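1. what's the 3D shape of this:
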Amino acid sequence: MIASLSGIRGVPNQDLGLEDVSRFAQNFATAAGSGKVLLGRDTRASGPMLARAVAAGIMSRGVDVLDCGILSTPALFRQSRVNGLPAVMVSASHNEPQFNGMKFIVDGAGIGQETLEAVLNGKKPIGKVPNGTYRPPPMLRYVDDLVEKFGAGSCEGVKVALDLGGGAAISHSPRLLKRLGCEVVSINDTCGVFSRKVDPVADDLGLLRKVVRKGNCDVGFGFDCDGDRLVVVDSSGKKRSGDYMLTLAISELLRGRQERKVVVSLDTTQAIDDVAKRAGAEVFRAKVGEANVVGAMKKEGANLGGEGSSGGLIDGTFNYCRDSMLAAIVISQGIKRIGRKLYGSVPVYHQERMALDIQKQKAAKGIKRIAALYENPDMTDGVKVTTGRRSWVLARPSGTEDVVRVSAEADSEAAAAGNMKAFAKKLVELSR
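-> Alright, predicted model coming up:
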């Protein structure tokens with residue numbers, strides 16, 4: 001089991017027991033201090049089992065459960081924000097189907113370290129507690145709120161292909177885009193049937209690329225299981241990176257709003273700096289992880305942010321989480337505005353990423369040693385060093401898996417791959 005600000009993840013009935021799930025839910029209900037908690041889940045086979053354990057834990061603390069059923073993580077974040085209620089999302093996000101877990105939401109945003117500690121280590125109150133009740137959800141607002149924000153018919157004529165990945169985006173994505181005027185074709189649209197990797201960033205999205213080419217679609221969108229990540233397939237059928245998607249979306253949002261600050265994770269492409277400079281905005285870098293980016297957004301007073309590595313756009317005017325549908329709508333509106341020329345409207349750098357199986361204690365030692373070899377290394381999250389005028393390398397322990405991630409970016413694919421491999425080799429040597 002892994003616990004972080006991103007949530008709790010593990011394999012049910014192996015390293016994530018139902019007693020643990022219920023205990024964490026009990027502790028969250030106490031820490032959140034509300035008489036009601038929203039509950040949602042994605043489409044994993046273990047979802048109903050874990051959702052019941054979560055509900056039982058919450059109700060045992062005298063708190064009512066409002067069960068929203070299957071919906072995306074962004075939809076639950078929005079519901080929490082609109083209703084002013086804490087929420088639990090049963091999901092392991094982009095992890096493969098055998099995994100599951102819990103995400104915790106308070107006031108429409110992820111929790112901080114203090115609440116996480118309370119979830120993991122809280123103690124049961126002394127004395128009798130009345131049982132909470134199990135109730136139907138309030139009216140779900142996500143689809144209507146997005147239509148209201150962007151306008152019905154605002155994407156009229158854009159032909160969109162969706163790879164819903166068997167996940168929770170099935171519950172709203174096709175009908176939402178149709179209400180906005182898109183012509184929609186969808187694949188992998190049966191809940192709980194996973195015919196590709198859950199993470200669209202890690203999958204080649206071969207079927208979606210084929211559908212886009214053969215159907216002459218303007219764009220293809222690939223989603224993960226809980227519907228917060230988004231990957232773009234352009235009109236030629238080429239899969240684009242999560243960093244490219246984020247750059248494209250933020251570029252479009254900057255042109256239409258008076259935003260002067262953007263916050264992205266340390267491993268996000270430098271193309272964000274280019275489009276921000278063009279719009280007269282400043283870029284701030286945060287530790288990797290949605291909660292860290294959101295925390296920095298609030299600190300800096302920024303409304304726009306995201307993480308390129310996870311294909312996640314965050315628009316704080318609507319949601320304080322990665323929101324795939326919001327990003328998809330922004331990009332679709334850009335295509336309606338200037339057509340397929342949109343794909344060439346932002347700069348592109350080449351990124352390479354890999355994971356190293358190094359024990360965290362040894363990795364920490366290696367990172368410290370490797371930092372000493374460079375002048376002015378960035379130690380915000382692991383170690384990031386500049387390797388050229390427009391190139392960098394980052395090594396950092398993962399917050400969701402027991403690995404060390406190495407990322408590199410440069411003007412060319414060969415340069416990025418070479419820098420990443422050389423840096424990874426050096427890190428392995430220095431971690432012994």
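2. what ranges do the helices span in the stretch 201-350 of the chain?
-> Secondary structure of the stretch 201-350 of the chain, counting by DSSP state H, counting those that start in this stretch: helices at 206-214, 242-256, 271-278, 290-300, 324-338.
3. so for the fourth one, what's the average pLDDT?
-> What it means is helix 290-300. Average pLDDT, helix 290-300: 95.
4. what do you get for the first one?
-> pLDDT averaged over helix 206-214 equals 98, rounded to a whole number.
5. Mind listing the residues bridging to the nearest residue to Val212 once chain neighbours are set aside?
-> Computed as Cβ to Cβ, 6 or more residues apart in numbering, the closest residue to Val212 that is not its neighbour in sequence is Gly220, at 4.2 Å. Where you see a C-beta, it was placed from the backbone N, CA and C, and this is true even at glycine. Counting by DSSP bridges, Gly220 is bridged to Ala161, Val233.
6. Hmm, Gly220 is touching Val158, no?
-> No: contact criterion Cβ atoms under 8 Å: Gly220 and Val158 do not qualify, at 11.7 Å.
7. Looking at those two, which one has more neighbours?
-> Set Gly220 next to Val158 and count neighbours by other Cβ atoms under 10 Å: Gly220 wins out with 30 against 23.
8. so what's the more buried one up against?
-> Residues near Gly220 by Cβ atoms under 8 Å, 6 or more residues apart in numbering: 160-163, 205, 208-209, 211-212, 232-234, 237.
9. Filter these down to just the buried residues.
-> Listed as buried from the contacts of Gly220 are 160-163, 205, 208-209, 211-212, 232-234, 237; burial here means 16 or more other Cβ atoms under 10 Å.
10. buried set for the helix or strand Leu146 falls within?
-> Using DSSP states H and E, Leu146 sits within helix 142-150. Buried positions in helix 142-150, judged by neighbour count with 16+ other Cβ under 10 Å: 142-143, 145-147, 150.
11. longest helix anywhere in the protein?
-> The helix that spans the most residues within the chain, counting by DSSP state H, is helix 413-430.
12. contacting residues around that one?
-> Contacts to helix 413-430, defined as Cβ under 8 Å, 6+ apart, come from residues 349-354, 356, 358, 363, 365-367, 369-370, 373, 385, 387-388, 391, 393, 395, 404, 406-410.
13. now do stretch 373-386
-> Residues outside stretch 373-386 that contact it (Cβ under 8 Å, 6+ apart): 266-267, 285-288, 292, 367, 370-371, 392-397, 404, 423, 426.
14. Can you give me the end-to-end span of it?
-> Start and end residues of stretch 373-386 are separated by 12 Å (Cα to Cα, to the nearest Å).
15. From Gly47, how far out is Leu71?
-> From Leu71 across to Gly47, the span is 11 Å (Cβ to Cβ, to the nearest Å).
16. that older thread, now intersect the contacts of helix 413-430 with the strands, please.
-> 350-354, 356, 385, 387-388, 391, 393, 395, 404, 406-410 (DSSP state E).
17. pLDDT below threshold where in the stretch 101-250 of the chain?
-> Residues of the stretch 101-250 of the chain meeting the criterion pLDDT under 70: 126-127.
18. Now with 80, please.
-> Low-confidence segments of the stretch 101-250 of the chain (pLDDT under 80): 124-129.
19. Including distance to Pro174, could the contacts of Gly220 go into a markdown table?
-> Compiled in a markdown table, these are given as follows (distance: Cβ to Cβ, whole Å):
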| residue | distance to Pro174 |
| --- | --- |
| Val160 | 9 |
| Ala161 | 11 |
| Leu162 | 6 |
| Asp163 | 12 |
| Leu205 | 17 |
| Leu208 | 14 |
| Arg209 | 19 |
| Val211 | 14 |
| Val212 | 16 |
| Val232 | 17 |
| Val233 | 17 |
| Asp234 | 20 |
| Gly237 | 21 |
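20. shaky segments in the stretch 251-400 of the chain?
-> Scanning the stretch 251-400 of the chain with the threshold set as pLDDT under 80 gives 360, 398-400.
21. Show me which of the contacts of Gly220 is closest to Val330.
-> Closest approach between the contacts of Gly220 and Val330, by Cβ to Cβ: Val232, at 11.1 Å.
22. Tell me if I'm right that that closest one and Phe223 touch.
-> No: counting by Cβ under 8 Å, Phe223 is not a contact partner of Val232; they are 11.3 Å apart.
23. ok, of the contacts of Gly220, which one's closest to Lys261?
-> Nearest to Lys261 among these, counting by Cβ to Cβ, is Val232 at 24.4 Å.
24. any idea how far the closest one lies from Val346?
-> Taking Cβ to Cβ, one finds Val232 at 11 Å from Val346.
25. anything in contact with each of these two?
-> By Cβ under 8 Å, 6+ apart, the residues touching both Val232 and Val346 are 244, 248.
26. hmm, who's touching the helix holding Leu146?
-> 71-72, 74-75, 78-79, 82, 172, 175-176, 179-180, 318, 325-326, 329, 333.
27. Now, of those residues, which are buried?
-> Applying 16+ other Cβ under 10 Å to the contacts of helix 142-150 flags 71-72, 74-75, 78-79, 172, 176, 179-180, 318, 325-326, 329, 333 as buried.
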